[in-house]
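[1] no FASTA, just this:
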């Protein structure tokens with residue numbers, strides 16, 4: 001069994017949320033399946049809106065949020081893999097405006113080829129993030145399989161009238177993003193053994209950062225919609241928000257925040273193959289993308305930031321709220337009435 005110099009990223013073609021099923025294929029699976037014909041009125045949020053988590057009302061004042069998220073290794077260090085996977089899964093609860101309360105682990109491990117001690121470190125990393133989020137890693141389920149896979153099923157709570165879905169935006173709303181883009185680019189640089197140490201630290205700092213601001217914003221009606229940016233890239237998740245609300249969106253490419261150093265890798269054509277998969281899925285709904293700007297827009301993010309729709313008259317309140325919570329965010333564009341395109345890039 002390997003215990004030294006094990007590179008977890010060698011065990012999969014994709015990594016992190018970049019290993020998601022392609023958008024077109026996923027749509028085909030879901031639209032041809034009857035599994036999600038949901039009729040229970042207490043199921044407040046199900047699969048129909050492509051939201052980040054399901055929400056079920058249990059009382060007049062409490063609804064339960066549940067999400068599940070797992071993937072193949074995005075980094076080689078097992079502890080860091082666990083941290084990123086946990087932060088990514090917990091983010092779905094924050095994206096609904098909720099508060100996480102506990103989580104269960106999902107572990108697939110090739111026990112005959114990778115030491116169990118490495119899997120234990122993955123769990124330790126996940127537990128450290130759960131502790132930061134103020135929740136317990138309560139249990140889980142494991143299987144022996146050929147690929148290492150890890151993630152969490154996370155439960156949270158939210159007031160039924162304070163749920164933030166991805167389809168509540170209104171025309172004129174400003175669009176904010178709470179983390180810089182480029183996690184997929186840096187993960188690919190790592191997989192190809194081209195990453196600089198400082199850039200790896202930037203990857204960890206971004207991907208392990210919790211989107212706790214979502215639980216704060218869930219209490220405020222001035223925020224109309226939220227979602228987190230993951231495997232379909234900024235463009236894919238922005239399109240989901242716009243289509244869900246029956247709107248279009250306009251963003252400025254120069255306003256997009258980028259993790260320091262990723263442009264050097266893009267210039268070397270170091271970015272995930274699934275960047276093109278995302279572009280092929282969404283380019284027909286997009287206008288104004290030039291050259292390699294598609295990488296910034298379609299780079300699959302793992303534990304990315306929140307996309308937030310805020311009424312323009314509440315911008316000062318929103319920015320003051322972020323400052324009080326030591327949360328940064330970038331204004332990248334706005335939602336408009338529905339036009340011929342879904343997203344225009346200028």
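    Looks like it arrived, so ask away. The shown structure was predicted, so the numbers you read here are calculated from the model rather than taken from an experiment.
[2] And the pLDDT for the most centrally placed residue in the chain?
    The residue lying closest to the centre of the chain (CA atoms, centre = their mean) is residue 230, at 3.1 Å. Residue 230 carries a pLDDT value of 95.
[3] Quick check: phi and psi on it?
    With angles defined as degrees, to the nearest 10, residue 230 sits at phi -130, psi -130.
[4] I figured it hits residue 305, correct?
    No - using CB atoms under 8 Å, residue 230 is not in contact with residue 305, being 10.0 Å away. C-beta coordinates here come from the backbone N, C-alpha and C atoms, glycine included.
[5] related to what we said a few turns ago, what's near enough to touch the residue nearest to the centre of the chain?
    When the contact criterion is CB atoms under 8 Å, 6 or more residues apart in numbering, the partners of residue 230 are 17, 20, 88, 91, 237, 300, 301, 302, 303, 304.
[6] Just the buried residues of these.
    17, 20, 88, 91, 237, 300, 301, 302, 303, 304 (16 or more other CB atoms under 10 Å).
[7] Just give the nearest non-adjacent residue to residue 110, would you?
    residue 146 (5.5 Å; CB to CB, 6 or more residues apart in numbering).
[8] Just say helix, strand or coil for residue 333.
    Secondary structure, DSSP: H, G, I helix; E, B strand; the rest coil: residue 333 is strand.
[9] tell me the pLDDT at it?
    Looking at residue 333, its pLDDT reads 98.
[10] What separation do you get for it and residue 225?
    Residue 333 sits 14 Å away from residue 225, taking CB to CB, to the nearest Å as the criterion.
[11] Same question for residue 279.
    Between residue 279 and residue 225 the computed distance is 24 Å (CB to CB).
[12] more neighbours, those two?
    Neighbour tally, residue 279 and residue 225, criterion other CB atoms under 10 Å: the higher count belongs to residue 225, 24 against 18.
[13] And the helices in the stretch 151-300 of the chain?
    Using DSSP state H, counting those that start in this stretch, the helices found in the stretch 151-300 of the chain span residues 183-191, 197-207, 213-217, 233-245, 262-267, 274-282, 293-298.
[14] now, of those helices, which is deepest in the fold?
    The highest mean neighbour count among these, using mean count of other CB atoms under 10 Å, belongs to helix 183-191: a mean of 27.
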